[in-house]
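**Student:** the following comprises the amino acid sequence and a computationally predicted model.
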Amino acid sequence: MVEIRKPIQMAEAVERVMSHVHKLGTEMLLLEDTYGRVLAEPIIAKHDVPPFDRSPYDGFAIRAADSAGASGDARKSFQVIGEIGAGHVADRSIEEGESYRIMTGALIPEQADAVVMLEQTVENEKGFTLRKPFEAGENISRQGEDAKKGERLVEAGTVIHPGTIALLATFGYSQVRVAKRPIAGVLSTGTELLDVADGLVPGKIRNSNGPMIRAQLTRMGVESKSYGMMEDDLDACTEIVERALQETDFLITTGGVSVGDYDYLPAIYERLGAEVLFNKVAMRPGSVTTVAVLGEKLLFGLSGNPSACFTGFELFTRPAILSMMGCTAPFMPRIQAKLGDDFKKANPFTRFVRASWSMTSEGIVATPAGFNKSSAVSSIARGNCIIVLPSGTRGFEKGMTVDVLLLGAEQGVERWEL
Ligand SMILES: Nc1nc2c(c(=O)[nH]1)N[C@H]1C(S)=C(S)[C@@H](COP(=O)(O)OP(=O)(O)OC[C@H]3O[C@@H](n4cnc5c(N)ncnc54)[C@H](O)[C@@H]3O)O[C@H]1N2
Ligand code: MOO
Ligand SMILES: [Mg+2]
C-alpha cells in the first residue's frame, strides 16, 4: 500500500529545518579571505573615521575670517606658505592672510578652518585671490563625520561583502573572526543518470542536478564534496550516505524521495535512524522535498525533478547553510513586482515560479520563464528570481502585484512570511 503523505505548510517546514541547524563555531581568517563569510563579532569603530580633519578638495586651506567681505569687486588676497599633499602634514600653523596649498585627503593645518577649491581662486605670484567669503568649517571633512570611535557599525551575523571588507581594513583588522563554513556533500541518485560527458541512450538522461546544486553552493561560497551518481540500490546508497555524513557537515541528495518503487531515500533515513522532519510540503514544485536530521547533521532529500530540486535548495538548504554560518538574515530578499504574463493554473499549494525580473516604465515586472513544470530545466536557466503565487482556486493575471524572491543576493532578510 502506498504511503499517503500529509503536506505541511511552507512556513512550518522552514521553521522545522531552521530549528535543527547547528552552528559551526568560529575561526580567525586573514582579511583577504573573508569575502562571503559571516562576521562572528560586530564591527565597532576603533577610532574616528576620518581620523583627522581633512580636505575634501584640491585647493587652499585658509582662515575663514580672512575671507570676510570678499566680493567680485573686492577680491581678498592670500599668501601661500607651502603645500600639503595627502599623507603629509603642514610645517606650521597659518597666520592672518596666509594659506597652504592643500590636496584632497590631506590633514588641515592648525588655525585653518576652511578650504577654497582651486577653481574658486585666481592664482598670482604670491598666492591667490578669491571673490567670496567662506564660513568657518566650510569644505572641511570633519574628524569622525563618517563614524565615531566606539560606534557599533555592523552587527555580528552579517555576511561580509566588499563594503564590509573596506570597513574592516579601515580599522586595521588584518585578521577577522568569522563563522566557520560547512562542507556540503552532494549525491545524485537515479539509475537513469548519465555523466555529463556521456552520449544519450534510450531511457537515460544526463545528471543535471548534481552540477546545478554544486553551483548553487559555489554561488554562496560553500565548498562541496561530490559523491557522484548512484544507481537506485538501497544497500549501496545507504553505504555512501553514511560515508558522506562522516566526511561532510550536511548532505544533499537529489532524487528518490517520492513514493516510487526505487525511491530509496525514505528507507535510507529509516535504516540510519534519522529523524524525518517532513516529507511533503504544500508547495509546488518540490512538494516531495524531504529533510531529515541525524545527530547534528541535516540531510536534504531534494526532489529529482530539476525545477523542484533547484527550488528546494533555495528555499530550505540555502537559509539553513547561512544559519549554520551564523548569518542572522539568511532568507532571500522579497520584493513586489507586476506579473509579466498570465499564470492561469490555480494550485492548492503555494507555487514558486521560475521567472525573470526587469525594471520597466511601469516598475518592476517579473515574467515567468517559460515551461514551468517541476521537471523543467529550461526555465531554471532563464530565471533570475522566483515568483510566489499563493495557493487558491484562481489563476493569476498579467499586471497583478505578486511577491518575488531574488536569487543570488548578498544581503538577505531575517524572516519570510510565505
Ligand atoms: N505516485 C506519485 N508519484 C509521484 C509523486 C507523488 O506524490 N505520487 N510526486 C511527483 C512529484 S511532485 C515529484 S517532484 C517527483 C519526485 O520524484 P523523486 O524526488 O523521487 O525523484 P526521482 O523519482 O528520482 O526523479 C524524478 C524525475 O527527475 C529526474 N531526475 C532525477 N535525478 C536527476 C538528475 N540528477 N538530473 C536530472 N534529472 C533528474 C528523473 O529522471 C525523473 O524524471 O515524483 C512525482 N511522482
Ligand atoms: O515535488 Mo513535485 O516537484 O511537487 O513538483
Ligand atoms: Mg521518484
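**Tutor:** Perfect, thanks for sending it. Numbers count the residues shown, from 1 in each chain. Ligands and ions are numbered 1, 2, ... in the order given.
**Student:** so residue 306 makes contact with residue 212?
**Tutor:** Yes: the criterion here is CB atoms under 8 Å, and residue 306 meets it with residue 212 at 7.0 Å. In short, each C-beta sits where N, CA and C put it, glycine included.
**Student:** residue 301: what secondary structure?
**Tutor:** Following DSSP: H, G, I helix; E, B strand; the rest coil, residue 301 is assigned to strand.
**Student:** and it, what is it in contact with?
**Tutor:** Applying CB atoms under 8 Å, 6 or more residues apart in numbering to residue 301 gives the contacts 253, 256-257, 265, 269, 279, 289-292.
**Student:** that one pairs with what?
**Tutor:** residue 253, residue 290 (DSSP bridges).
**Student:** returning to that earlier point: more neighbours, residue 306 and residue 212?
**Tutor:** residue 306 (24 against 20; other CB atoms under 10 Å).
**Student:** distance of the more buried one from residue 374?
**Tutor:** According to CB to CB, to the nearest Å, residue 306 and residue 374 sit 8 Å apart.
**Student:** repeat that for residue 403.
**Tutor:** Distance of residue 403 to residue 374, computed by CB to CB: 20 Å.
**Student:** make sure residue 282 is actually in contact with residue 11.
**Tutor:** No: using CB under 8 Å as the test, residue 282 is too far from residue 11 to be in contact (9.7 Å).
**Student:** between those two, which has more neighbouring residues?
**Tutor:** residue 282 (18 against 14).
**Student:** in the stretch 1-150 of the chain, what residue comes closest to ligand 2?
**Tutor:** Residue nearest to ligand 2 within the stretch 1-150 of the chain: residue 7 (9.6 Å; CB to the nearest ligand atom).
**Student:** ok, that residue - contacts?
**Tutor:** By CB under 8 Å, 6+ apart, the neighbours of residue 7 are 280-282, 287, 349.
**Student:** same question for residue 304.
**Tutor:** 189-190, 209, 254-257.
**Student:** again, 7 Å this time
**Tutor:** 190, 209, 254-256 (CB atoms under 7 Å, 6 or more residues apart in numbering).
**Student:** count of neighbours near the closest residue to it other than its chain neighbours?
**Tutor:** Leaving aside its sequence neighbours, residue 304 sits nearest to residue 255 (CB to CB, 6 or more residues apart in numbering; 3.1 Å). Residue 255: 29 surrounding residues under other CB under 10 Å.
**Student:** longest single helix anywhere in the chain?
**Tutor:** helix 234-247 (DSSP state H).
**Student:** starting at the chain centroid, how far to that one?
**Tutor:** 32 Å (CA atoms, centre = their mean, to the nearest Å).
**Student:** please apply the same query to stretch 334-353.
**Tutor:** 24 Å.
**Student:** what's the span of it, first residue to last?
**Tutor:** 14 Å (CA to CA, to the nearest Å).
**Student:** tell me which residues in the helix or strand hosting residue 211 are buried?
**Tutor:** Using DSSP states H and E, residue 211 maps to helix 209-219. Across helix 209-219, burial judged by 16 or more other CB atoms under 10 Å covers 209-210, 212-214, 216-217.
**Student:** thanks again, I'm all set now.
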